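Novice: What would the 3D arrangement of this be:
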Amino acid sequence: MRTGEEAPRGAPALPTGAAGTSVEALAAGVRAWVGSAPLRDLVGHFGGKWPDGDVAGVLAGLDDFSGRHWDFRGGRERPDAREPAFDPATARLVLATAAALGMVRPAAPARSRYAHLVVLGGLAHACQRRVAYAAHLLRGGTRIGGEVAVLGSFRPLSDVECRALDAAGVAPCDTEVAALDAAVRREFAVAAPAEEDGHDADHPHHSWSSRTYRPVDGPPVRVLAAPSGDPARRRAHTADTQRFWAEHVRLRAGDPVLMVTAPIYVPFQHCDALRTLAVPYGCAIETVGVDPALPDLAGLPEPALTPGRYLQEIRSAIRSVRALHTALGDGRPAHGRGPAHDGSPHAGPVDRGQLT
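Specialist: Numbering: from 1, shown residues only. Now for the predicted structure:
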C-alpha cells in the first residue's frame, strides 16, 4: 500500500512523540497500540489466547508468544533469519496486520523544519537508501537547525550485504558504519571529515567513532559508530546508537527530531526513540520510513519483504513497546549511561511528568 491509500480498519496509532506529551498520554498510547484489533486477530490466527492481566502482563505474554511463533532469527542477524512458509490466507493476514500497524506505507515528514535529522543504520543496503532519503529531504526543502546524525556501529557486514553493495556499485565496506560513511560521502558530496574522534578497543562491541562532515550547503553531517550497552553479550543495537548520539549532541527539551528508517521498522524504532530520547530529554520524536518509489533511490538495493520478515518486526515492535512501557512505569528515566566523549554539553534529562 502507498501513502494516501486507506489503512485497514482498527489501525492503531503509535504512541505520540509530540512535544508536550505527558507520560500518562504516552502510557495511554501504549495501551491503545497493544490492545488493537489487528494485533489481537493476528495472535488468534496463530492459535494464541490473548494474555490476561494489566498492560505489563499482556506485553509479557505477547513477548513470550511472539518468541515462540514469530522469531525466525533465533539470535542471528536479519539476513540469516529463516523464511517460513505460510498458506495464502495467513500471508494476506500478516501483510494486512503489518499495514495496520504502520509498517508498510511510507509517510512524508509532517514538518518543514527540525532541530536534528537522525538516520538509523541497519543492513548495508538500508544504510544506502536511508542516507539517500535524508539527502533527498534536504534537497526538497526540509530545514535542519542542528545536525544530520547517521547512527551505526562496527558490526561486521555479512557476505550477503557485501554482495548487495557490490551489485549497487558501492565500494567495498567491512562494517555497518563504513557503509553509512560511504553513503554520506556520496550523497552529500563530501570527501573527508572536518572533525574525527573515536576509540579503537580492538573489539566492535567496545569501539566507537565520530566523524563530522561539513557540506558546502546544509547542516553538518555526523557519522557515529556506537559501542554496545552490553558488550559482553551483544553488539550495539538501535537504542545504544540513539543514547550514544544523545550524549554527543546539544539536545534540548522540545527539540523536534526526525528519525529516518524503513517503514517496516518504524514502530519498533519509534518506540525505542521515545524511550531513549523523548522520555529522558523531553525532545519531540517523529519517525518516518523511506519511500521506495522515489526516483532518487533508483538503483539502490531493496530486499523483498516477506510475511516472515513482517512477523519478525511485529515481534520487534512488541518488545520495543514493552521496554517503553517499563521505562514509563518504573519511576526512572531511560537515560543513557556513560560520559559524552566529545565534550558537547546537552540539556540532560527532564522531569518525567511532561515531555516539554
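
Novice: how about the top helix by length along the chain as PDB, C-alpha atoms only?
Specialist: In the chain, assigned by DSSP state H, the helix with the most residues is helix 307-329. Taking C-alpha atoms only, helix 307-329 is exported to PDB below (Å, rounded to 0.1, in the frame of the first residue of the first chain):
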ATOM      1  CA  PRO A 307       5.400 -12.300   5.600                       C
ATOM      2  CA  GLY A 308       8.200 -13.800   7.800                       C
ATOM      3  CA  ARG A 309      10.100 -10.500   7.700                       C
ATOM      4  CA  TYR A 310       6.900  -8.700   8.800                       C
ATOM      5  CA  LEU A 311       6.200 -11.100  11.600                       C
ATOM      6  CA  GLN A 312       9.700 -10.800  12.900                       C
ATOM      7  CA  GLU A 313       9.400  -7.000  13.000                       C
ATOM      8  CA  ILE A 314       6.000  -7.200  14.600                       C
ATOM      9  CA  ARG A 315       7.800  -9.100  17.400                       C
ATOM     10  CA  SER A 316      10.500  -6.300  17.500                       C
ATOM     11  CA  ALA A 317       7.700  -3.700  17.900                       C
ATOM     12  CA  ILE A 318       6.100  -5.700  20.700                       C
ATOM     13  CA  ARG A 319       9.400  -5.900  22.600                       C
ATOM     14  CA  SER A 320      10.200  -2.200  22.000                       C
ATOM     15  CA  VAL A 321       6.700  -1.200  23.200                       C
ATOM     16  CA  ARG A 322       7.300  -3.400  26.300                       C
ATOM     17  CA  ALA A 323      10.600  -1.600  27.000                       C
ATOM     18  CA  LEU A 324       8.900   1.800  26.600                       C
ATOM     19  CA  HIS A 325       6.100   0.800  29.000                       C
ATOM     20  CA  THR A 326       8.700  -0.300  31.500                       C
ATOM     21  CA  ALA A 327      10.600   2.900  31.200                       C
ATOM     22  CA  LEU A 328       7.400   4.900  31.800                       C
ATOM     23  CA  GLY A 329       6.300   2.900  34.800                       C
END
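
Novice: Pull out the buried positions in it.
Specialist: 307-325, 327-328 (16 or more other CB atoms under 10 Å). C-beta: built from backbone N, CA, C; applies to glycine.

Novice: Also stretch 161-177?
Specialist: Under the neighbour-count criterion of 16+ other CB under 10 Å, stretch 161-177 has 161-162, 164-165, 170, 173, 175-177 buried.

Novice: And those residues, which two are furthest apart?
Specialist: In those, two members sit farther apart than any others by CB to CB. They are 164 and 177, at 16.7 Å.

Novice: for the stretch 1-150 of the chain, what spans make up the strands?
Specialist: Using DSSP state E, counting those that start in this stretch, the strands found in the stretch 1-150 of the chain span residues 21-22, 113-114, 116-120, 143-144, 148-152.

Novice: Tell me which strands the second one pairs with, and in which orientation.
Specialist: In the sheet, strand 113-114 lines up against strand 143-144 (parallel) (DSSP bridges).
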